[in-house]
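Asks: what follows is a predicted protein model with its sequence.
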Amino acid sequence: MTAPTSPRIDQHPDILALRAHSEAATSTPVAQAVEALALLCGVYLAASPWIVGFSGASTLAIHNLIVGAAFACLVGGFGPAYERTHAMSWAALCLGAWTIISPWVVSGHAFATAAVVSNVIVGAVACLVALALARMGMARSRR
């Protein structure tokens, strides 16, 4: 006995409309610039202990490496699979906010001023970029 034939799910009209929507959302130069800035933000956060020079504070250095890599991987998925990942921009916002407060939470009071300044700035930029990504996803879905 064979299963009844049904149309393939990737040819469903709703899936095609969703892909067209995501293609329109990510094809603008502004969207591509925001995605590139977000990716650079994650890469900088991962490398910041060695760029700024606080790699001696091992807990914060390892924390920044892990959170930066997670942020870069998260926003790196927005480009090729935007229709499935634009809702995760809120997770990127949480990572950005965590980056701002992490010097005090992760390493207590044993941190360098350069670490605080670096984390606060990159965290604020990450939050702004995540909000821009979320806004682009919501604005395109309303149209």
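Replies: Yes, it's here. Keep in mind it's a predicted model, so treat the numbers as computed, not measured. Residues are numbered from 1 along each chain as shown.
Asks: in stretch 37-56, what counts as buried?
Replies: Buried positions in stretch 37-56, judged by neighbour count with 16 or more other Cβ atoms under 10 Å: 37-39, 41-42, 44-46, 48-49, 52, 54-55. (C-beta placed from N, C-alpha, C; glycine too.)
Asks: stretch 118-131 now?
Replies: Neighbour-count burial for stretch 118-131 flags 118-119, 122-123, 125-131 (criterion: 16+ other Cβ under 10 Å).
Asks: among these, which are in helices?
Replies: Here DSSP state H is the test, and these give 118-119, 122-123, 125-131 as lying in helices.
Asks: which one of those is nearest His63?
Replies: His63 has its nearest neighbour among these in Asn119, at 9.3 Å by Cβ to Cβ.
Asks: isn't that closest one up against Thr99?
Replies: Yes - at 5.4 Å, Asn119 counts as touching Thr99 under the criterion of Cβ atoms under 8 Å.
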